[in-house]
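> sequence below, structure please.
(one chain, ligands or ions: 1)
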Amino acid sequence: MPAVCGQSGQPDPQAIAVAAEAGGIEKAEQLACELQLPLAALDDASFPLLLVPAKGRLELRVTGRHPPGPVYVDFLGGAVDYRRRRGGGRRQLIARAVGVGQGTETVLDATAGLGRDAFALACLGCVVTAVERSPVLAAMLRDGLARARAEATGDVQVILDRITLLHADSRAVLASLGESDKPDVVYVDPMYPVDEKQSALVKKEMRVCRMLIGDDEDADVLLSAGRQAARRRVVVKRQIHAAVLGSDCDAQYVGRRIRYDTYHTHRSTK
Ligand SMILES: C[S@@+](CC[C@H](N)C(=O)[O-])C[C@H]1O[C@@H](n2cnc3c(N)ncnc32)[C@H](O)[C@@H]1O
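Purely as a prediction, here's the structure:
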């Protein structure tokens with residue numbers, strides 16, 4: 001299925017609409033107005049995707065026969081919570097790639113998506129600016145953060161306090177940073193084309209997000225912008241068999257399904 005957004009992240013209003021569950025029409029109308037999306041009925045399959053305020057959260061639903069379950073941001077449960085409790089702390093590849101414990105304190109996550117990596121980095125103690133250009137995903141992230149902040153206590157509240165969300169294009173954000181705002185690390189996890197062999201490895205959430213935003217074909221521009229702005233390095237997350245972005249990645253941290261490629265910045269030698 002073709003993606004419904006261009007590289008601006010702005011959705012095609014033919015392909016996604018906001019729908020309301022019983023009693024939720026006011027919230028749905030407000031959301032449709034904010035995101036400039038049409039309103040549709042819950043059973044309207046002429047839109048491949050519906051954004052539905054339901055069960056106190058924002059759900060992205062696929063329409064049609066045998067759809068996968070809804071996608072929503074959840075920082076306090078499921079895989080994200082498991083990764084926080086059992087993910088392996090500083091032994092994780094992401095921690096080593098980013099340089100946690102070796103001087104990295106601030107990270108600009110230039111491709112925030114559903115916020116899982118941003119949250120993982122915040123769990124590792126990083127202060128994270130999470131930037132997402134898709135208005136739909138940014139709205140889902142804002143909703144997930146607000147719900148988590150309302151419910152979390154103790155350590156998790158501290159972790160959430162380390163995350164700032166921006167709805168913007170990271171290329172513009174990186175280009176506009178003043179010297180004192182430059183992050184230690186720019187983290188990039190672009191949506192990349194998936195071939196048949198890999199498609200079974202791609203999780204449901206990312207398959208549904210791909211329907212919304214397609215592939216991030218301008219990831220190389222983000223890498224260059226990151227290398228101009230980061231103080232220490234740029235980290236690019238890739239599927240294990242995906243081609244390396246650019247020509248001069250300087251280290252790889254390779255896992256079973258994914259790897260992290262790191263790049264020197266154009267500002268310093270390391
Ligand atoms: C593969 S997803 C990232 C998933 C994320 N790491 C997570 O843990 O949920 C890629 C995301 O980056 C966003 N993106 C791509 N290029 C961007 C840019 N230049 N500025 C902001 N967001 C961008 C896309 O809209 C998409 O949501």
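> what is the neighbour count of the residue in the stretch 1-150 of the chain that the ligand sits nearest to?
With C-beta to the nearest ligand atom, the shortest gap between the stretch 1-150 of the chain and the ligand falls at Gly113, namely 2.5 Å. Just so you know, the C-beta spots here come from the backbone N, C-alpha and C atoms, and that holds for glycine as well. As a burial measure, Gly113 scores 23 neighbours (other C-beta atoms under 10 Å).
> what about it, which SS state?
Here Gly113 is coil, with the state taken from DSSP: H, G, I helix; E, B strand; the rest coil.
> tell me the pLDDT of it.
Note on Gly113: pLDDT of 96.
> next up, the contacts around it.
The contact partners of Gly113, by C-beta atoms under 8 Å, 6 or more residues apart in numbering, come to Glu132, Leu137, Asp189, Met191, Met206, Cys209.
> not counting sequence-adjacent ones, nearest residue to Leu93?
Excluding its sequence neighbours, the residue lying closest to Leu93 (C-beta to C-beta, 6 or more residues apart in numbering) is Tyr253, at 4.5 Å.
> go ahead and confirm that neighbour touches Tyr260.
Yes - here Tyr253 reaches Tyr260: they are 4.4 Å apart, a contact under C-beta atoms under 8 Å.
> neighbour-wise, which of these two wins?
Neighbour totals were compared for Tyr253 and Tyr260, and Tyr260 leads with 23 against 18 (other C-beta under 10 Å).
> what helix or strand is that one on?
Per DSSP states H and E: Tyr260 is located in strand 258-264.
> can you list the strands that that strand pairs with?
Sheet partners assigned to strand 258-264 using DSSP bridges are listed as strand 233-239 (antiparallel), strand 251-254 (antiparallel).
> identify the residues contacting the first one?
So that's strand 233-239. 94, 97-99, 117, 185-190, 192, 194, 198, 201-202, 219, 223, 226-227, 244-245, 249, 257-265, 270.
> swap in 6 Å and give it another go.
For strand 233-239, the surrounding residues in contact (C-beta atoms under 6 Å, 6 or more residues apart in numbering) are 97-98, 185-189, 198, 226-227, 245, 258-263.
> what subset of those is also close to the ligand?
Applying C-beta under 6 Å from any ligand atom, the subset of the contacts of strand 233-239 adjacent to the ligand comprises Asp189.
> out of the contacts of strand 233-239, which end up buried?
Neighbour-count burial (16 or more other C-beta atoms under 10 Å) is assigned, among the contacts of strand 233-239, to 97-98, 185-189, 226-227, 245, 258-263.
> now for the residues you listed, which pair is the farthest apart?
Greatest spacing in the buried ones among the contacts of strand 233-239, by C-beta to C-beta: Arg227 and Ile258 (21.1 Å).
> the ligand contacts on this protein?
9, 110-111, 113-117, 131-134, 137, 169-171, 189-191, 206, 209, 213, 216, 222.
> mind listing what Tyr187 touches?
Applying C-beta under 6 Å, 6+ apart, we find Tyr187 in contact with Val107, Asp109, Val235.
> moving C-terminal from the helix ranked longest in the chain, which element do we reach first?
Secondary structure of the chain per DSSP state H: the longest helix is helix 135-151. Following helix 135-151 in sequence order, the next helix or strand is helix 154-161 (DSSP H and E).
> any residues in contact with both of Tyr253 and Tyr260?
Leu93, Ala97.
> show me where the stretch 1-150 of the chain has its strands.
Along the stretch 1-150 of the chain, the stretches classed as strands by DSSP state E, counting those that start in this stretch are 16-19, 39-40, 49-54, 57-62, 106-109, 127-132.
> before I go, just wanted to say thanks for your time.
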